[in-house]
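Novice: Here is a sequence together with a model predicted from it:
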Amino acid sequence: EVQLVESGGGLVQPGGSLRLSCAASGFTFSSSAMSWVRQAPGKGFEWVSGIDSGGGYTSYADSVKGRFTISIENAKNTLYLQMNSLKPEDTAVYYCAPRSRATWHEFASWGQGTQVIVSS
């Protein structure tokens, strides 16, 4: 059974930073592409960033490019998202998924997510 536990969210001022973590289990993490997805209040899911199974290829939505960095630590089965220069429009619940950018929308076993609020 796939289990995903997101953490690291919180309240931060515009321009601040947060580091999100996703602890994964129930599948072969080292062989899986991973993505971060977010859902802003009253809006649908939005893909944010993805990384291949080896960690050598990363991709980002235009809205976060240059500010967010995705990474993996296979020894800990953990996915990270370093978020810098945060903006109010980054406010959302952030989720991870063992899917690529092309297939994240097919995933259904979401974790509880971690809330990020960017506000002064």
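Specialist: Here it is on my side, so go on.
Novice: From here on, just use CA atoms for contacts and neighbour counts.
Specialist: OK.
Novice: so who does the residue nearest in space to the middle of the chain touch?
Specialist: With distances taken as C-alpha atoms, centre = their mean, W36 lies nearest the centre of the chain, 2.7 Å away. With contacts defined as C-alpha atoms under 8 Å, 6 or more residues apart in numbering, the neighbours of W36 are 47-50, 81, 94-97.
Novice: Counting neighbours, which of those residues comes out on top?
Specialist: Within the contacts of W36, neighbour counts (other C-alpha atoms under 10 Å) peak at C96, which reaches 31 neighbours.
Novice: ok so it is a strand residue?
Specialist: Yes - C96 sits within a strand when classified using DSSP: H, G, I helix; E, B strand; the rest coil.
Novice: if I look at it, how far off is G42?
Specialist: For C96, the distance to G42 under the criterion C-alpha to C-alpha, to the nearest Å works out to 19 Å.
Novice: re the thing from before, where's the residue nearest to the centre of the chain relative to S120, distance?
Specialist: Distance of W36 to S120, computed by C-alpha to C-alpha: 25 Å.
Novice: what's the answer for S31, then?
Specialist: 40 Å.
Novice: Of those two, which one has the most company?
Specialist: Between S31 and S120, S31 has the larger neighbour count (other C-alpha under 10 Å), namely 12 against 9.
Novice: Spatially nearest residue to the more buried one, not counting backbone neighbours?
Specialist: In space, not counting the residues next to it along the chain, S31 is nearest to S53; the distance is 5.1 Å by C-alpha to C-alpha, 6 or more residues apart in numbering.
Novice: Enumerate every residue touching that neighbour.
Specialist: Residues in contact with S53, defined by C-alpha under 8 Å, 6+ apart, are 29-34.
Novice: try 10 Å
Specialist: Shown in contact with S53 (C-alpha atoms under 10 Å, 6 or more residues apart in numbering): 28-34, 72, 74, 98-100.
Novice: Which helix or strand contains W47?
Specialist: Under the assignment given by DSSP states H and E, the secondary-structure element containing W47 is strand 45-51.
Novice: how far does that strand sit from the chain's center?
Specialist: Its chain's C-alpha centre lies 7 Å from the corresponding centre of strand 45-51 when counted by C-alpha atoms, centre = their mean, to the nearest Å.
Novice: No further queries at this time; thank you.
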